[in-house]
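*Asks:* Pasting the sequence and the predicted model now:
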Amino acid sequence: MSEAHTVPGSSRSRVARIFASLFTTDHRTLGIRYLLLSLIAVAAGTLLSLAMRIQLAWPGIPFPRHGPMLPEEYLSLVTMHGTLMVFFVLTTAPQSGFASLVLPAQIGARRMALPWLNAAGFWIVALALVVLLSAFLLPAGGPISGWTSYPPLSAVPAAGPGQGAGMDVWLVSIGLFCIGSWLSAVNMLATIVGERVRGMTLGRMPLTVWSWMVSSLLILLAFTVLFAALVLLLCDRHIGTAFFIPRGDLVSGQIVGHGDGSPLLWLHLFWFFGHPEVYIAILPAMGLVSGLVANFSRRTIVGYPLMAATTVLIGLLGFLVWGHHMFVSGMNPYAGNAFALTTMAIAVPSTAKVFSWLGTLWGGGLHRTTPMLFALGFISFFIAGGVTGPILALPALDAYLHNTFFVVGHFHLIMAMAGGFAIFAGVYYWFPLMTGRLMNERLGRWHFWLSLVAAYGTFLPMHLEGLAGRPRHYYQLTGSTSSLASLMPMERGVTWAAFVLGTAQLIFLANLCWSSRHGRPAGENPWQATTLEWAAATPSEIFRGPYEYGAAAHDQAQNGAHKQDFTSQWESLREQE
Amino acid sequence: MLYAPWWMPPNAAAHGYAVDTLMRWDVGAMVGCFVLAHGLLIWLLLRPRRSSTAPLTRSVELLPLLLLTALYIAMAISAERVWAHERFEGAAPAALRVEVVGQQFQWYFHYPGADATYGTSQPQLVNAALGNPLGLDPEDSHGADDIVASELVLPIGREVDLQLRSLDVIHGFFLPDMRLKQNAVPGQSLHVHFTPVHEGVYPVLCSQLCGLGHARMQARLRVVSASAYQGWLASRAPHHAEVAAQ
């Protein structure tokens, strides 16, 4: 803006240019911006978690220029870490980020259906992130009630430090995030429904597109319920309603409950959003990994119709399992049985997906590229975090394990690590679409193996701590119980592993910076892939399915001029004859 | 100890043996799945590359899925039985009754006294400094013989019916050694029951984030002999008779 004053002659056009490039509706630019936004959020969230790990391993250790961490500071870190990672990383990068980058190309469209909605969605999500991070600047600190914000702790400002302005900031930020996600999801659905190229039937859509379609529907339904809950909670806090505060509730010596509210109502509303949210984060990852497994096994995906169907089925069942977060919450124990059954049911399509990936790998010849290694890492973490799912789904066992570190280990493997590795796989794979260059393979392999080992070193021991009864959200393991203090050596081990995991990500950052300038030029279709984002030009019609690799494609190709083991979606039938 | 899965604290409650057996089988089965799948993954990663082979027949791919589905069904049925036994029915009428009250950041244990009836309490009467942390109503004669303790003392071998409530925010009542966890929710009165079968001192933890003092919201459960329990009651009762008389 200051330049506009100093150079009056060309200022108008220059400001207009800057304005136009800043508020561009170009989907690829927006995709890169979404990914950079997630990169900022994941860096912040990781630093917060490392600070927590230091406090847990060496309780009371003074931090530079700060002193010892206070309990409310620890809880504020927990809250901000969870919120950043769940919303601004795991929801934003695989859904809005990757879809903005490649969705139009993958369905043969030149542009999004509603590009300005996509752009508006990005800016609102960016604003939500700034609002959230501003909670750190508040005198009383950030909110301390965790990313789930159970009332009355979240409904009554006097319930704790950070529950005043900090909690309001959190509510506004997540409300903005809901709005931004809706806009982005509406655009994505409209694009998938209306912008597909001729010949791109539902049965020829890449599995990523199926995932983005189901996730967009989940966003529209789930975030709507969350938004309603946020509004009700804000009303309880500021205009004297009592949706979530029961009569006679006594907080810090003051009676704050004047109506007949129910804290359980929040739990139902929140988890009705919260569980589909898990699938919003993981479904695009599944679609991406399916494509990579087919590409780097040089084999068509096993059971494509089954994969598309299980994606839809997981989305549907995802709305029927929220009560498994509430077995010991005061919910009717009979309802616990029902939610255990729906949760066991959702394990079946999830298992079917794993077998499809393993079957595809079995039949193919595995190319150990960096994106493929990260896709395999996703499968490994999905299995590792998945096997504890059916245990936590059982009320009889969850009544012991609920809110212990067993659960923390479970969702960090299946959501954070699996989701994170899929994001890495996507970045390594689609990097040529962003920069025209390939990322460095040697650095990529170091990044993968260090991260894999350190992630298991961090999160597997947490299951043992949970079995030992170690609850979540404890800023230190002291108190009248001796059983928890005996876990201190393991706490330190987890902290060291977490530091290795965090440090390994510096390799990724270095690779990003180096490869974007000096990486090997990718050329056309560097992975010999079949899906349309690698086509040199947008085709006017397509004639085949998304994953034609291997022997079948090879036989066809030998009849034609091609000496390759794949047939891209954009190749016409006539060229083969 | 025989039934305790590795790494869990020894079970000390009658229903806990079934929980531990279930935990051992289910964790074992799932660790088995993890190891098998990773054995396969590592083999696929390490075997020499070849051009794609003939696809497996559909039945070979569906068989493991069917097997795992059967495993999930078996896990669900066996666990539902344990859960139904624990939670679908209340405690026997003869069970000992104790009210557990959570408040930031303290557990209180409220015994009904010789008349076996809890005195009524009102939130506006709560005053911990004056010795009335639960707000027992002095007008209510049922409350005169009530005992309010900061530790939970139970006689061995007798079923106890715990009535959980909270004065302020949601707390999580967690007895790891009794394999018991249930939230205490303001505005709700929730019952859980169990029978301690080993004497000892056990931790009472808070398992639901309740504010800055969450980690130190811990108390003790002492499981003692029947006679020691009677002695403890007698030692507490006169003190409370005095408080009520004032």
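*Replies:* Everything's here; your move. Just so we're clear, the structure is a prediction, and the values are computed from it rather than from any experiment. Numbers count the residues shown, from 1 in each chain, chains lettered A, B, ... in the order given.
*Asks:* which stretches of the stretch 351-500 of chain A have low pLDDT?
*Replies:* Along the stretch 351-500 of chain A, the parts satisfying pLDDT under 70 run over A:479-482.
*Asks:* now do chain B
*Replies:* Using pLDDT under 70, chain B drops low at B:1-6, B:49-60, B:238-246.
*Asks:* how many neighbours does A:Ala345 have?
*Replies:* 18 (other CB atoms under 10 Å in any protein chain shown). Using the backbone N, CA and C atoms, a C-beta is placed for each residue, glycine as well.
*Asks:* Can you name the residues that contact it?
*Replies:* Under the criterion of CB atoms under 8 Å, 6 or more residues apart in numbering or on different chains, the contact partners of A:Ala345 comprise A:Leu317.
*Asks:* in whatever helix or strand it lives in, what's buried?
*Replies:* Using DSSP states H and E, A:Ala345 sits in helix A:333-363. Across helix A:333-363, burial judged by 16 or more other CB atoms under 10 Å in any protein chain shown covers A:333, A:336-337, A:339-363.
*Asks:* What of stretch B:209-223?
*Replies:* Those buried within stretch B:209-223 under the rule 16+ other CB under 10 Å are B:209-212, B:214-219, B:221-223.
*Asks:* so which of those residues are also by chain A?
*Replies:* The subset of the buried residues of stretch B:209-223 within reach of chain A, by CB under 8 Å from any CB of the partner chain, is B:209-212, B:214-216, B:218-219.
*Asks:* what are the ranges of the strands in the chain?
*Replies:* I went with chain A, as the question did not name one. Ranges of strands in chain A, per DSSP state E, are A:250-251, A:254-255.
*Asks:* hmm, I had chain B in mind actually
*Replies:* Using DSSP E, strands in chain B cover B:96-103, B:106-111, B:147-149, B:152-155, B:160-166, B:171-175, B:180-184, B:190-194, B:200-206, B:219-224.
*Asks:* Just give the nearest non-adjacent residue to the residue in chain B positioned nearest to chain A, would you?
*Replies:* Proximity of chain B to chain A (CB to the nearest CB) peaks at B:Gly187, 2.5 Å away. Closest residue in space to B:Gly187, ignoring its immediate chain neighbours: A:Pro246 at 2.5 Å, by CB to CB, 6 or more residues apart in numbering or on different chains.
*Asks:* ok, A:Trp147 touching A:Phe88?
*Replies:* No. Using CB atoms under 8 Å, A:Trp147 is not in contact with A:Phe88; the gap is 11.4 Å.
*Asks:* So for the two, which residue has more residues nearby?
*Replies:* Set A:Trp147 next to A:Phe88 and count neighbours by other CB under 10 Å: A:Phe88 wins out with 26 against 19.
*Asks:* From chain B, how far off is that one?
*Replies:* 21 Å (CB to the nearest CB, to the nearest Å).
*Asks:* show me what contacts the closest residue to that residue other than its chain neighbours?
*Replies:* Sequence neighbours aside, A:Ala41 is the residue nearest to A:Phe88 in space, at 3.6 Å (criterion: CB to CB, 6+ apart). Contact partners of A:Ala41, counting by CB under 8 Å, 6+ apart, are A:84-85, A:88-89, A:92, A:129.
*Asks:* now swap in A:Ala418 and tell me
*Replies:* Applying CB under 8 Å, 6+ apart, we find A:Ala418 in contact with A:282, A:285, A:378, A:381-382, A:385.
*Asks:* What separation do you get for it and A:Ala347?
*Replies:* 15 Å (CB to CB, to the nearest Å).
*Asks:* Run through the bridge partners of the residue positioned nearest the centre of chain B.
*Replies:* The residue lying closest to the centre of chain B (CA atoms, centre = their mean) is B:Leu180, at 1.8 Å. Taking DSSP bridges as the rule, B:Leu180 bridges to B:Leu175.
*Asks:* can you check the one 4 residues further on too?
*Replies:* Note on B:Ala184: beta-bridge partners B:His171, judged by DSSP bridges.
*Asks:* That one is in contact with B:Leu164, isn't it?
*Replies:* Yes. Using CB under 8 Å, B:Ala184 is in contact with B:Leu164, at 4.3 Å.
*Asks:* More neighbours: those two, which one.
*Replies:* B:Ala184 (27 against 22).
*Asks:* What are the neighbouring residues in contact with that one?
*Replies:* So B:Ala184 contacts B:100-102, B:164-166, B:170-173, B:190 (CB under 8 Å, 6+ apart).
*Asks:* between those residues, which is nearest A:Leu153?
*Replies:* B:Ile170 (7.0 Å; CB to CB).
*Asks:* Which residue would be the closest one in the stretch 201-350 of chain A to chain B?
*Replies:* For the stretch 201-350 of chain A, CB to the nearest CB, closest residue to chain B: A:Pro246, 2.5 Å.
*Asks:* How many neighbouring residues does that residue have?
*Replies:* 22.
*Asks:* Next: A:Arg299.
*Replies:* The number of residues near A:Arg299, taken as other CB under 10 Å, comes to 30.
*Asks:* now A:Phe19
*Replies:* 10.
*Asks:* Just the pLDDT for it.
*Replies:* On pLDDT, A:Phe19 comes in at 85.
*Asks:* Next one: it relative to A:Ser13, how far apart?
*Replies:* 10 Å.
*Asks:* Kindly report the same for A:Gln564.
*Replies:* 48 Å.
*Asks:* Same drill for those two, tell me which one is more crowded.
*Replies:* A count of neighbours by other CB under 10 Å puts A:Gln564 above the other of A:Gln564 and A:Ser13, at 14 against 9.
*Asks:* The more buried one contacts A:Thr530, doesn't it?
*Replies:* No. Between A:Gln564 and A:Thr530 there is no contact under CB under 8 Å: 10.4 Å.
*Asks:* Could I get the full set of helices for chain B?
*Replies:* For chain B, the helices defined by DSSP state H occupy B:16-46, B:58-87, B:226-245.
*Asks:* nearest to A:Ser215, of the ones you listed?
*Replies:* When the helices of chain B are ranked by proximity to A:Ser215 (CB to CB), helix B:58-87 comes first, at 24.0 Å.
*Asks:* Compute the inter-axis angle for that closest one and helix B:16-46.
*Replies:* 160 degrees (axes from the mean of the first three to the mean of the last three CA atoms, to 10 degrees).
*Asks:* Quick one: list the elements packing against helix B:58-87.
*Replies:* helix A:333-363, helix A:395-401, helix B:16-46 (3 or more CB pairs under 8 Å, 6 or more residues apart in numbering or on different chains; DSSP states H and E).
*Asks:* Quick one: closest of those helices to A:Pro546.
*Replies:* It is, among those and with distance given as CB to CB, helix A:333-363, at 13.2 Å.
*Asks:* any idea how far that closest one is from the chain center?
*Replies:* 20 Å (CA atoms, centre = their mean, to the nearest Å).
*Asks:* Could you do stretch A:410-422 as well?
*Replies:* When distances are taken as CA atoms, centre = their mean, stretch A:410-422 is centred 8 Å away from the chain's centroid.
*Asks:* correct me, but A:Ile174 touches A:Val231?
*Replies:* No. Using CB under 8 Å, A:Ile174 is not in contact with A:Val231, being 11.1 Å away.
*Asks:* do you know how far the residue nearest the centre of chain A is from chain B?
*Replies:* The residue lying closest to the centre of chain A (CA atoms, centre = their mean) is A:Leu90, at 1.5 Å. Separation of A:Leu90 from chain B (CB to the nearest CB) stands at 21 Å.
*Asks:* Any idea how many residues pack against the residue nearest to A:Gly97 when sequence neighbours are not counted?
*Replies:* Spatial nearest neighbour of A:Gly97, chain neighbours left out: A:Tyr34 (3.7 Å); criterion: CB to CB, 6+ apart. When neighbours are defined as other CB under 10 Å, A:Tyr34 has 27 of them.
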